[in-house]
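Engineer: predicted model and sequence follow; I will ask about them next.
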Amino acid sequence: MNKIEAREIVSQQVIEKYEGFSLMDESTQEFATCFAFYYQNDQYIKSRNILEMSVGAGPILVCKKSGAVFETGSAHSAEHYVKAFESCGDPFGELTEHILVFGWKEGADKVAATKLIKAKSGLNLRDSKIIIDKALKYEESRFSTENSEESAFVSEELSRLGFECKQLWSNQC
């Protein structure tokens, strides 16, 4: 899908619902998997007076592959919504405290990985070892940490220790 086709979809599915609003073509952004379109009220577009600007409307994402439309808000940047969309298929997805472990690489440090999981998950040694043993057989296991920030750290550490894993998004749990 090209920018012109995506713009037409946004015009028909979104902009027509909002009387007195128009797309701001000069603000359109193209990303690898989608386009981000912006809209604003007609008074602001005409005057460019910030006092007339409507607030709360974020970018409208259009998936290049499917044409799916996602109306976002102004809570995050377009880059934030696009990163979530590209990572999990949902621009509103959030990283969670859950980690999926699914494999390993030669030289993986299974003892250190087991200790890490035990220390950061609250699981006992036996259950932590089961997660690593399953990974050594390329079987999936999931566990949780205290919060999403801790999960990001643990996921990076497990990768550094030679294990294939990923922090899960809210729509993957």
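Structural biologist: Arrived safely.
Engineer: start to end distance for stretch 162-173?
Structural biologist: By CA to CA, to the nearest Å, the extent of stretch 162-173 from end to end equals 23 Å.
Engineer: what's the answer for stretch 28-45, then?
Structural biologist: 14 Å.
Engineer: quick one: contacts of it?
Structural biologist: Residues outside stretch 28-45 that contact it (CB atoms under 8 Å, 6 or more residues apart in numbering): 3, 6-7, 10, 14-15, 18, 20-24, 27, 49-50, 52-54, 57, 59-65, 78, 81-82, 85-86. For every residue, glycine as well, the C-beta is placed using N, CA and C.
Engineer: ok, now with 7 Å
Structural biologist: For stretch 28-45, contacts defined as CB atoms under 7 Å, 6 or more residues apart in numbering pick out 3, 6-7, 10, 15, 20-24, 27, 52-54, 57, 59-64, 78, 82, 85-86.
Engineer: those residues in strands, which ones?
Structural biologist: Counted as lying in strands by DSSP state E, out of the contacts of stretch 28-45, are F21, S22, L23, A57, P59, I60, L61, V62, C63.
Engineer: helices of the chain, residue ranges please.
Structural biologist: Along the chain, counting by DSSP state H, helices occupy 3-13, 42-47, 78-88, 110-121, 125-136, 148-160.
Engineer: export these to JSON lines and tack on mean pLDDT, distance to F102 and mean neighbour count?
Structural biologist: As requested, these are arranged in JSON lines below (pLDDT from 0 to 100; distance: least, CB to CB, whole Å; neighbours: other CB atoms under 10 Å):
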{"stretch": "helix 3-13", "mean pLDDT": "98", "distance to F102": "35", "mean neighbour count": "15"}
{"stretch": "helix 42-47", "mean pLDDT": "96", "distance to F102": "49", "mean neighbour count": "13"}
{"stretch": "helix 78-88", "mean pLDDT": "96", "distance to F102": "16", "mean neighbour count": "18"}
{"stretch": "helix 110-121", "mean pLDDT": "99", "distance to F102": "13", "mean neighbour count": "19"}
{"stretch": "helix 125-136", "mean pLDDT": "99", "distance to F102": "7", "mean neighbour count": "17"}
{"stretch": "helix 148-160", "mean pLDDT": "98", "distance to F102": "11", "mean neighbour count": "17"}
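Engineer: nearest to T72, of these?
Structural biologist: helix 78-88 (4.8 Å; CB to CB).
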